[in-house]
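Peer 1: this is a predicted model, with the sequence first.
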Amino acid sequence: MQKINLTLVLIGFILGTSVAQGDSYQTKKANLQVYGEFKGENFIGTSNDLLINLDYETTEIEFKLKLKNLKFSIDSLNKIIQTNNQEIVFNGTLSLEHINTDEHPPLNFTMEGWTEIKGERRKILGNGQLHHSDLSKDSSCILGIVMSINLSDVGVEIPNLKDDIKIVIKQAILEKDRT
């Protein structure tokens with residue numbers, strides 16, 4: 001089985017389940033970067049609008065991103081994406097039993113979850129690291145994730161877009177969910 005490192009797939013994720021609301025932490029403005037090749041040219045896509053919810057008791061995690069909020073270094077790719085109102089949603093679980101909100105050393109984890117593309121559930125695997133943070137009484141951790149995905153393996157086909165992409169989530173500061 002080809003290993004797919006934790007990343008959000010550039011195009012097409014929808015999944016309707018939500019993360020359980022236990023000891024939940026979130027960020028609404030996480031930084032997401034997508035690296036790939038379009039028409040033979042390397043690109044980077046960025047967004048600061050990634051929503052992440054993480055339940056510290058169950059280690060269930062959810063990502064949400066409106067596709068049109070990705071901005072690319074290639075104008076023609078921007079034109080394709082900017083008209084798409086689809087929301088990318090990923091639901092999964094970290095390979096940790098639970099997360100101590102008071103203090104912990106850096107925690108390495110694997111992640112497994114699902115998304116739905118064209119009506120079919122697709123499994124996504126990944127890796128990341130969680131660091132404890134004392135930035136404020138409401139913030140707890142800084143999350144980093146890297147994923148490599150083959151778009152054909154998850155059922156995504158975009159003309160002139162090379163199948164292999166890399167997704168990086170950088171320094172997502174998770175704060176106590178007040179909802």
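Peer 2: Received, thanks. Numbers count the residues shown, from 1 in each chain.

Peer 1: could you pull out the strands for the chain?
Peer 2: Here the chain has its strands, by DSSP state E, at 24-38, 41-55, 60-66, 71-72, 87-94, 107-117, 120-132, 139-150, 164-176.

Peer 1: show me what the closest residue to Gly45 other than its chain neighbours bridges to in the sheet.
Peer 2: Nearest non-adjacent residue to Gly45, counting by CB to CB, 6 or more residues apart in numbering: Val34, 3.8 Å away. Every residue, glycine included, has its C-beta placed from N, CA and C. Beta bridges link Val34 to Gly45, Ile167, judged by DSSP bridges.

Peer 1: Val34 reaches Ile165, doesn't it?
Peer 2: Yes: Val34 is in contact with Ile165 according to CB atoms under 8 Å; the separation is 5.9 Å.

Peer 1: follow-up on the earlier one: how near is the residue nearest to Gly45 to Glu97?
Peer 2: Relative to Glu97, Val34 is positioned 31 Å away (CB to CB, to the nearest Å).

Peer 1: and if you look at Phe90?
Peer 2: Phe90 is 21 Å from Glu97, by CB to CB.

Peer 1: give me the more crowded residue out of the two.
Peer 2: Phe90 (26 against 8; other CB atoms under 10 Å).

Peer 1: how much space between the more buried one and Phe63?
Peer 2: For Phe90 relative to Phe63 (CB to CB), the value is 4 Å.

Peer 1: check Asn69 too.
Peer 2: Taken as CB to CB, the span from Asn69 to Phe63 is 13 Å.

Peer 1: so these two - more neighbours on which side?
Peer 2: More crowded of Asn69 and Phe63, by other CB under 10 Å: Phe63, with 28 against 17.

Peer 1: now for the more buried one: which residues touch it?
Peer 2: Counting by CB atoms under 8 Å, 6 or more residues apart in numbering, Phe63 makes contact with 8, 50-52, 88-90.

Peer 1: pLDDT check: weakest of those residues?
Peer 2: When those are compared by pLDDT, Leu8 scores lowest at 31.

Peer 1: who's Met147 bridged to?
Peer 2: Here Met147, judged by DSSP bridges, has bridge partners Ile167.

Peer 1: from the contacts of Phe63, which single one is nearest Met147?
Peer 2: Leu8 (6.8 Å; CB to CB).

Peer 1: poorly predicted segments of this structure, please.
Peer 2: Scanning the chain for pLDDT under 70 picks out 1-22, 101-102, 118, 134-140, 171-172, 174, 177-179.

Peer 1: before we move on, the earlier item: so which of the strands of the chain is nearest Val156?
Peer 2: Across the strands of the chain, closest to Val156 is strand 107-117 (CB to CB), at 6.3 Å.

Peer 1: report the buried residues of that closest one.
Peer 2: 107, 109-111, 113, 115-117 (16 or more other CB atoms under 10 Å).

Peer 1: much appreciated, bye for now.
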